[in-house]
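Peer 1: Quick one, fold the following:
(2 chains)
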Amino acid sequence: MSKNRQDRSAELVQLMMKYQRRIFAYIHTLVPSRSDAEDILQEASVTICEKFSSFETGTNFYSWACQIAYWKVRAARKKFATSKVVFNQEVLDVISETRIELEDELDIRHGALSRCLKKLNDRDRRMVLTRYESGKNVSAAAQASGRTIQGAYKALNRIRKTLFDCVSFEITTERA
Amino acid sequence: MTKLSDKEIVELHDLLDALVENNLPKHKLARLENWISENEEVRQCYIEFMDMSSSLRHYAEELISDDIVDPNGETHQNIISFWKPLLAIAALIVFGIFFNQQLQNSSSQTELPKIVNNKVTGLTKITEEPQVIVDTVAVLTKSVGVRWEDSSQFRANLGDTLEPSTLKLVEGLVQVEFLQGATVVLEGPVEFSLKNPNEGSLAKGKLRAIVPQVATGFTIDLPKGRVIDLGTDFGLHVHPGGSTELFVYKGNVIYEGQTDSGESITREVFGGESIFVDPYGNANWAEMPSEPFISAADLAFRSMEESQRRHSAWVDLSNEISADPKTLLYFSFDNHSPWSRILRNESVSNSSVQNGAIVGCNWSEGRWSGKGALSFKRKNDRVRLQLPSHLKSATFSAWLKIDSLSQSISPIICSEPKTLGSACWIVNRDGKIVLRTRTSSGNNFYESAVAFRAEKLGRWAHVATTYNSDAKMITHYVNGRSFSREKLVDPVILTFPKAMLGHSSSTQGSNDGVALKGSIDEFGVFEGVYNEEQIRRLYEIGRPYEVPNALGTRIP
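Peer 2: Modelled structure (predicted):
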C-alpha cells in the first residue's frame, strides 16, 4: 500500500473511532430498537468504508456519515415494516433535522450523564449499566441487582427518569 | 409553543421508557408519533432521551472493557469493546474493501464474515458474526405438575426466560410473569401464546391474570375478540369450539369482539361481573364462571409445598452423605450465618479434613429459599481447603450456578498444579467439564462434551466426575446423567495440595489466578467411584424443582 493510501486508511479508522458513538446515537434516534439500530450501524459503516474515497478531507465527516446512515434507515424501512416500533417518513425527517441542530447540546449531555451515573447508588448504577450491556435484557439487569423482573422494570423506569432529570439539571447549572 | 404540563411530562417519559424497552403498544406509538411531529418540546425531549440511551450503552460497554480478564487472570484495561464493531469494519476497509477498491478498482463483494480471515492481529476475535438478540417477553416463574402436549415443540423449564412462543399444556399449572408486569396463571389443558411483553393469546383453556397498574393495557387475544385490561384481576376460559367465559375479580376490563355476522361488540366489564361469548361471537352477561380459576396465591401455595417437600428430602440426603464413611469432604453450605468466614466440613467420619476458610466470597441464596450458597465474583474469591487425602479412585460432586463463561475457566476445586497427582476440576470457557491431573509426564486433561451453553448459565446444575483407576475410566455427569466418558491414561494417586474451592492459581503464585464467576451450594469429594444410579440419586433428590415432563431431564 502506498504512503498516501496508508494515510487515507489511517484517517478513516481515526474518524470512525472518533465518531462511532455519535453515528450510532443518530441512528438510534431514528430507530428506537437497539438491535435494529446496531444492524443499521454495521450496514452504514460498510458503506462509509466503500465510499470513503469520495469524502473530502477537512469537511464534516460526521454530517457526511449521518447522510449515509439516514439513507440506510430509509432503505431499512421496508424491513422494519413488521417491527413493533417504526416512525413514518415525515416524522423521521423532522427528528433527523432537529437532531442535527442539537448536536452540540447532546455532546454536553453525554458528558453530564457520566457525572450523573456516578451519583447513583451502586445497585442502581450496576443495574442500569447491565441493562445496556450488549446482549443483556431486563432479566439480566434484575439478576445483577437482586430484583424481581417486575421490580427491575419499575426501577429502570425510575433510574432513567432520575438520570434524565439529573443531566438536565447539570446543564442548567453549568449555564447559570 | 405551550410548555408541557407536569402530567404530560410524566406521560411522555412513560412512553419513551416503554419505547426503549420495546413495550410500546401500537396505539401509544401512534400517540407518540403525532406528539413528536406536532410538538417541538416533545421532539427535543425524545431526541435527548434516545441519545441518553445511546450514551448508556456506550458507558456500559466501556465499563465491561475495563473489566476484561484473560484466562490467566490478567486484566486488559485498554480494550474498549464499544469500538470493537467499528474497528472490525475499519479493518475491513483498510485491508479489504478500501484496499481492493483502490488497487483493483473492483466493486465491493466483501461481506462482513470475510473479516474473520483477516490476519490483522488483535482484530480477528472481534469479527464474529453479531449475535442475534431476541427480546425476552416473560419469565416462567412457577410450575406444578406440568405435562406438555406431545405436539408442543417448546417445553419451558422453571426459571426460563420466554421469547414470543406458544405454551401447550395437557395438565398442570404454570405461572408466567410478563416483563411489563402482568402475571398469568395457566391451568392445563391450555394453549397460550406469548406475543410481546404486554400481550398474549389464549386459544384454549383457562387463565387467571393479575395485572398491576404498571401493566395497564395488557391484552389477551381470544378466538372471537380480545380483552384489554385496565388494571385488574380477571379469569378467562376458552372452551373447545371457541366459546369464552370472562370473569372480572376486581377492577375493569374492555372486551372487544366481532360476531360472525360482522357486528362489532364492546363491553366494559367491572369487578364481580362476567360475560359469556358464544362460538359465534355474541357476548352475553352471565352470573358466575362455570368453574373457579386458580389464582397466583393458590399456585404459590402449591409451589411452596412442593419446594418444602423437596428441601426436606434433600436435608435427609445431606445427613446421609455426612455420615457416609466414604465422604472425605462435604460442604452442604446450609445453616451458616451470613457473616461466617468458615465453611464447615460436614463429613462426620473424616475429622482430619478441616473446615474451609472463606476468602472474599459472599453468602447468597442457594437452590431453595433460606438455603445458603457462596458466590464467587472477584478475582481473589476462594475457599482455602486442607484435604490431606490420597485417592486412587474418587468421585467429585457439586451443585453450581455459573454466571459467565466468556472470559475464563470456571474452577470448582483446584490444587497447586506442580505436585505429582494434583487434581483440578473445572468447567472450561467452552462449557466443558474438565478434570486435570498432574502426572510425571505433565498435565492430562479429561474433557467432557460441551455441558454449559449460554442459555444454561445462571441456573443451578449438578455436575459430577468419577475417577476410576481400576477401570481406567473417567466419567462426567450432568444433572444425574452420564454425559461423557474418557479413557484414563497414566493413572496417578490424586492429591490436593493447597486446594481451593472456586479458584485456580497459576504457577506464578496464588495471587495470580482465576475465580469462578458463579455460586456453589453443595460440594463433596468421595472415596471410590459412585455409579450412575448413585449420582442420579444425588441429582434427583437435590434438584430444586420438579422435572416438568417425561423428557424433562434435559442435559445442558
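
Peer 1: Can you give me the buried ones in the longest helix along chain A?
Peer 2: Taking DSSP state H as the criterion, chain A has its longest helix at helix A:89-119. Within helix A:89-119, the residues scored as buried using 16 or more other CB atoms under 10 Å in any protein chain shown are A:91-92, A:94-96, A:98-99, A:102, A:106, A:109-110, A:112-113, A:116-117. Where you see a C-beta, it was placed from the backbone N, CA and C, and this is true even at glycine.

Peer 1: can you tell me the residue of the stretch 351-500 of chain B closest to chain A?
Peer 2: Of all residues in the stretch 351-500 of chain B, residue B:458 sits closest to chain A, at 6.4 Å by CB to the nearest CB.

Peer 1: you'd agree that residue is in a helix?
Peer 2: No. Using DSSP: H, G, I helix; E, B strand; the rest coil, the secondary structure at residue B:458 is coil, not a helix.

Peer 1: what sits against the closest residue in space to it that isn't next to it in sequence?
Peer 2: Once flanking residues are discounted, residue B:458 sits nearest to residue B:403: 5.7 Å by CB to CB, 6 or more residues apart in numbering or on different chains. Shown in contact with residue B:403 (CB atoms under 8 Å, 6 or more residues apart in numbering or on different chains): B:457, B:458, B:517, B:518, B:519.

Peer 1: go on, residue B:472?
Peer 2: So residue B:472 contacts B:487, B:488, B:489, B:491 (CB under 8 Å, 6+ apart).

Peer 1: For it, give me phi and psi.
Peer 2: Dihedral angles of residue B:472 (phi, psi; degrees, to the nearest 10) stand at phi 50, psi 60.

Peer 1: what does the model give it for pLDDT?
Peer 2: pLDDT for residue B:472: 93.

Peer 1: do the same with the one 3 residues further on
Peer 2: On pLDDT, residue B:475 comes in at 94.

Peer 1: distance of it from residue B:159?
Peer 2: Separation of residue B:475 from residue B:159 (CB to CB, to the nearest Å): 28 Å.

Peer 1: who's more crowded, these two?
Peer 2: Per other CB atoms under 10 Å in any protein chain shown, whichever of residue B:475 and residue B:159 has more neighbours is residue B:475, with 25 against 15.

Peer 1: Whichever helix or strand the more buried one is part of pairs with which strands, and in what direction?
Peer 2: Residue B:475 belongs to strand B:473-478 when elements are defined using DSSP states H and E. Its sheet considered, strand B:473-478 pairs with strand B:460-468 (antiparallel), strand B:481-487 (antiparallel) by DSSP bridges.

Peer 1: does the residue nearest to the spatial centre of chain A count as helix, strand or coil?
Peer 2: For chain A, the residue nearest the mean C-alpha position is residue A:25 (2.2 Å; CA atoms, centre = their mean). What three-state DSSP gives for residue A:25 is helix.

Peer 1: Let me know whether it touches residue B:55 as I believe.
Peer 2: Yes. The criterion here is CB atoms under 8 Å, and residue A:25 meets it with residue B:55 at 7.2 Å.

Peer 1: Please parse chain A into its domains.
Peer 2: Annotated domains of chain A cover A:1-86, A:103-176 [automatic domain parsing].

Peer 1: Run through the residues of the stretch 401-550 of chain B sitting next to chain A.
Peer 2: Taking CB under 8 Å from any CB of the partner chain as the measure of proximity, the stretch 401-550 of chain B contacts chain A at residue B:458.

Peer 1: my guess is residue A:134 meets residue B:58, correct?
Peer 2: No. If you go by CB under 8 Å, residue A:134 and residue B:58 don't touch, sitting 11.1 Å apart.

Peer 1: These two: which is more packed in?
Peer 2: residue B:58 (22 against 18).

Peer 1: quick one: that one is in a helix?
Peer 2: Yes. Counting by three-state DSSP, residue B:58 is part of a helix.

Peer 1: Just give the closest residue to it, not the sequence neighbours.
Peer 2: residue A:21 (5.1 Å).

Peer 1: How about the contacts made by the one you found?
Peer 2: Applying CB under 8 Å, 6+ apart, the residues contacting residue A:21 are A:110, B:54, B:55, B:58, B:82.

Peer 1: Kindly state the pLDDT recorded for it?
Peer 2: 89.

Peer 1: just residue A:114 next, same as before
Peer 2: 91.

Peer 1: Could you double-check that it sits in contact with residue B:56?
Peer 2: No. Contact between residue A:114 and residue B:56 fails when scored by CB under 8 Å: they sit 10.4 Å apart.

Peer 1: Look at residue 143 and say how many residues are nearby.
Peer 2: Looking at chain A here, since you left the chain open. Neighbour tally, residue A:143, other CB under 10 Å: 16.

Peer 1: let's do chain B instead
Peer 2: Neighbours of residue B:143 (other CB under 10 Å): 24.

Peer 1: and what of residue B:293?
Peer 2: Quick note: residue B:293 (other CB under 10 Å) scores 20 neighbours.

Peer 1: do residue A:56 as well
Peer 2: So residue A:56, with other CB under 10 Å, has 8 neighbours.

Peer 1: now swap in residue A:58 and tell me
Peer 2: 6.

Peer 1: which SS state does it fall under?
Peer 2: coil.

Peer 1: tell me the phi and psi of it?
Peer 2: Per degrees, to the nearest 10, the backbone of residue A:58 is at phi 100, psi -20.

Peer 1: and if you look at residue B:293?
Peer 2: According to degrees, to the nearest 10, residue B:293 has phi -100, psi 140.

Peer 1: where do the helices sit along the chain?
Peer 2: Went with chain A since none was named. Per DSSP H, chain A carries helices over the ranges A:3-30, A:34-51, A:61-76, A:89-119, A:122-132, A:138-145, A:149-175.

Peer 1: was after chain B, sorry
Peer 2: Going by DSSP H, chain B shows helices at B:6-20, B:26-38, B:40-65, B:84-95, B:97-104, B:296-323, B:532-542.

Peer 1: Can you check which of those gets nearest to residue B:242?
Peer 2: The closest of the helices of chain B to residue B:242 is helix B:26-38. By CB to CB, the value is 25.0 Å.

Peer 1: Give me the contacts around the closest one.
Peer 2: So helix B:26-38 is contacted by A:84-85, A:87-88, A:90-91, A:94-95, B:12, B:15-16, B:18-19, B:24, B:42-43, B:46, B:217 (CB under 8 Å, 6+ apart).

Peer 1: Lowest average confidence across the domains of chain A, which one?
Peer 2: domain A:1-86 (a mean of 81).

Peer 1: just how off-centre is that domain within its chain?
Peer 2: On the basis of CA atoms, centre = their mean, to the nearest Å, domain A:1-86 sits 12 Å off its chain's mean C-alpha point.

Peer 1: now swap in stretch B:536-546 and tell me
Peer 2: So, by CA atoms, centre = their mean, the centroid of stretch B:536-546 is 19 Å from its chain's centroid.

Peer 1: show me what contacts the closest residue to residue B:136 other than its chain neighbours?
Peer 2: Distances taken as CB to CB, 6+ apart put residue B:161 closest to residue B:136, at 4.2 Å, once the chain neighbours are dropped. By CB under 8 Å, 6+ apart, residue B:161 lies in contact with A:137, A:139, B:136, B:138, B:139.

Peer 1: now residue B:273
Peer 2: Residue B:273 is in contact with B:247, B:248, B:285, counting by CB under 8 Å, 6+ apart.

Peer 1: What's the separation between the last one and chain A?
Peer 2: Which is residue B:285. 33 Å (CB to the nearest CB, to the nearest Å).

Peer 1: who does that residue bridge with?
Peer 2: Residues in beta-bridge contact with residue B:285 (DSSP bridges): residue B:275.

Peer 1: try the first one
Peer 2: When bridges are assigned using DSSP bridges, the partners listed for residue B:247 are residue B:235, residue B:274.

Peer 1: wouldn't residue A:113 be in contact with residue B:52 here?
Peer 2: Yes. Counting by CB under 8 Å, residue A:113 does reach residue B:52; the two are 6.1 Å apart.
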